[in-house]
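Peer 1: Model the structure of this input:
(one chain, ligands or ions: 2)
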Amino acid sequence: MAGTATEVQRVTVLGAGSWGTAFAKVLGDAGRDVTIWARRPEVAAEIRDSHRNSSYLPDIDLPERITATADPAEALDGAQAVVLAVPSQTLRTNLSEWSGLLPSDAILVSLAKGVELGTLKRMSEVIAEIARVPDGQIVVVSGPNLAKEIALGQPAAAVLACTDHDNAKAIQQASFNQYFRPYTNTDVVGCELGGACKNVIALSCGMAAGLGFGTNTAATLITRGLAEMARLGAKLGADPLTFAGLAGVGDLVATCSSPLSRNRTFGERLGRGETLEQALAATGGQVAEGVKSCTSIRELSLSLGVDMPITDAMHRVCHEGVDPRRAGAELLGRSQKHEWS
Ligand SMILES: NC(=O)C1=CN([C@@H]2O[C@H](COP(=O)(O)OP(=O)(O)OC[C@H]3O[C@@H](n4cnc5c(N)ncnc54)[C@H](O)[C@@H]3O)[C@@H](O)[C@H]2O)C=CC1
Ligand SMILES: O=C(CO)COP(=O)(O)O
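Peer 2: Residues are numbered from 1 along each chain as shown. Ligands and ions are numbered 1, 2, ... in the order given. You can find the predicted model right below:
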């Protein structure tokens with residue numbers, strides 16, 4: 001079926017965290033029949049019986065047409081599209097457990113924003129490898145989509161990237177509703193890199209705020225963060241325009257400026273002097289992808305000879321014990337250069 005536009009009515013969302021649940025609501029509000037798989041049976045029961053997920057999105061009423069189960073086989077039965085809504089670093093293991101249950105012609109939709117440690121693969125590459133599907137059967141969702149705001153029905157746009165335009169269109173039709181406006185794009189590499197890299201830049205913006213710095217510092221980090229992610233994208237064949245779009249500037253602005261961002265909040269705690277362990281404990285189990293992706297993206301940049309100084313600084317603060325204030329001073333003290341060199 002890959003390559004042919006089809007009406008997607010029945011969707012399964014694997015993962016009942018913040019974004020999995022909010023995206024399920026987007027689909028439900030677009031008139032789709034949605035089944036969520038939750039790791040914890042009590043979370044599945046609450047979604048199914050009370051239309052709530054109080055662990056991740058307290059006070060949000062979910063559409064009645066959303067159901068949930070903790071049994072992946074039951075969740076995946078008859079799915080026309082399968083949304084993968086688990087953290088980047090566990091996706092490979094999770095998907096390996098589910099791969100035999102995936103309907104062979106289902107469109108696989110990736111929500112995760114990260115680069116895998118060790119393999120340095122983007123999420124769509126991990127999915128293609130484990131699920132053994134062609135690239136054109138995988139649609140990547142990216143853009144400025146803070147889960148809580150989406151769940152509240154606040155207007156937002158997103159980008160759906162797929163090498164097969166018909167499959168991107170099918171998910172566009174399935175998710176378009178009164179508050180959620182998805183655009184299609186064929187630049188999967190750029191959209192995925194934008195989503196992964198902005199988490200690391202959001203860490204740096206939070207850290208700057210924690211150190212007491214203001215708007216000029218944040219704007220500098222956002223803009224120079226954009227420059228370094230675009231350099232990486234150019235090396236990997238991404239369309240430079242992607243970084244001026246929703247998956248680049250759009251997501252950077254949202255994540256780097258919002259107190260709702262887990263990455264920004266994590267960085268702010270480090271900037272205030274908390275240890276990595278203290279900041280991790282404060283997440284309440286929710287993923288701040290940039291903490292691990294700073295390492296994988298740094299390795300990727302080193303392997304390609306791409307200069308990514310902010311990402312490098314975040315890796316050194318998070319994993320080499322470098323003091324945030326010192327990392328900031330070192331960033332400023334690098335050799336002088338032309339803005340676009
Ligand atoms: N929350 C947000 O605003 C947005 C998140 N994203 C991305 O979506 C992906 C998922 O994020 P969230 O739903 O927010 O994460 P979350 O931390 O809120 O939830 C993760 C979900 O994955 C499940 N899970 C399954 N296996 C797991 C394992 N081995 N370890 C940990 N969790 C496991 C958890 O039970 C939970 O339901 C991330 O890559 C994130 O960057 C993208 C856009 C917005
Ligand atoms: O990706 C996001 C917004 O687009 C969510 O960012 P956080 O994971 O930092 O909360």
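Peer 1: all contacts plus neighbour counts: C-alpha atoms, from now on.
Peer 2: Noted.
Peer 1: Identify the residues contacting the residue of the stretch 101-250 of the chain with the smallest separation from ligand 1.
Peer 2: Nearest residue of the stretch 101-250 of the chain to ligand 1: A112, at 3.1 Å (CA to the nearest ligand atom). With contacts taken as CA atoms under 8 Å, 6 or more residues apart in numbering, A112 has the following neighbours: L84, A85, V86, P87, S88, M123.
Peer 1: mind listing what the third one touches?
Peer 2: Spelled out, it's V86. So V86 contacts L14, G15, G17, G20, N94, L111, A112 (CA under 8 Å, 6+ apart).
Peer 1: which ones are touching the third one?
Peer 2: Put plainly, it is G17. Here G17 is in contact with Y56, A85, V86, Q286 (criterion: CA under 8 Å, 6+ apart).
Peer 1: neighbours around the closest residue to the first one other than its chain neighbours, how many?
Peer 2: Take Y56 and drop its neighbours on the chain: the residue closest to it by CA to CA, 6 or more residues apart in numbering is S18, 5.1 Å away. A total of 21 residues lie near S18 under the criterion other CA atoms under 10 Å.
Peer 1: wait, doesn't S18 sit right on I150?
Peer 2: No: counting by CA atoms under 8 Å, S18 does not reach I150; the two are 10.2 Å apart.
Peer 1: Can you list the low-confidence ranges for this structure?
Peer 2: Where the chain drops to pLDDT under 70, the residues are 1-5.
Peer 1: Domain ranges for it, per the record?
Peer 2: With domains defined by automatic domain parsing, the chain comprises 10-186, 196-332.
Peer 1: Reformat the ones you listed as JSON lines; add distance to ligand 2.
Peer 2: Listed next are the domains of the chain as JSON lines, based on distance: least, CA to the nearest ligand atom, whole Å:
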{"stretch": "domain 10-186", "distance to ligand 2": "4"}
{"stretch": "domain 196-332", "distance to ligand 2": "3"}
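Peer 1: could you redo these as CSV and give each row distance to H338?
Peer 2: Output for those, formatted as CSV (distance: least, CA to CA, whole Å):
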stretch, distance to H338
domain 10-186, 29
domain 196-332, 12
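Peer 1: who touches stretch 99-106?
Peer 2: 1-2, 72-73, 76-82, 130-131, 137.
Peer 1: Recalculate using a threshold of 7 Å.
Peer 2: Residues from elsewhere that reach stretch 99-106 (CA atoms under 7 Å, 6 or more residues apart in numbering): M1, A2, A73, L76, G78, A79, Q80, A81, V82, A131.
Peer 1: Same question for stretch 240-259.
Peer 2: 142-144, 158-159, 190-191, 194-195, 198, 202, 205, 222, 230, 234, 261, 264-265.
Peer 1: rerun that using 6 Å as the cut-off
Peer 2: Contacts to stretch 240-259, defined as CA atoms under 6 Å, 6 or more residues apart in numbering, come from residues S142, G143, P144, G190, C191, G194, K198, A202, C205, S261.
Peer 1: Work out for me the element the third one sits within.
Peer 2: Using DSSP states H and E, P144 is not contained in any helix or strand.
Peer 1: and it, how many residues sit next to it?
Peer 2: 21.
Peer 1: Could you check how far the closest residue to it other than its chain neighbours is from E64?
Peer 2: Distances taken as CA to CA, 6+ apart place D251 nearest to P144, at 4.1 Å, with adjacent residues excluded. Distance of D251 to E64, computed by CA to CA, to the nearest Å: 30 Å.
Peer 1: same deal with N185?
Peer 2: Taken as CA to CA, the span from N185 to E64 is 31 Å.
Peer 1: Comparing the two, which residue is more hemmed in?
Peer 2: Shown here are N185 and E64; by other CA under 10 Å, N185 has more neighbours (20 against 17).
Peer 1: and the contacts of stretch 240-259, which of them are in strands?
Peer 2: Members of the contacts of stretch 240-259 lying in strands (criterion: DSSP state E): S142.
Peer 1: want to try JSON lines for the contacts of stretch 240-259, with distance to ligand 1 as columns?
Peer 2: Output for those, formatted as JSON lines (distance: CA to the nearest ligand atom, whole Å):
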{"residue": "S142", "distance to ligand 1": "7"}
{"residue": "G143", "distance to ligand 1": "7"}
{"residue": "P144", "distance to ligand 1": "7"}
{"residue": "G190", "distance to ligand 1": "15"}
{"residue": "C191", "distance to ligand 1": "12"}
{"residue": "G194", "distance to ligand 1": "11"}
{"residue": "K198", "distance to ligand 1": "10"}
{"residue": "A202", "distance to ligand 1": "12"}
{"residue": "C205", "distance to ligand 1": "16"}
{"residue": "S261", "distance to ligand 1": "7"}
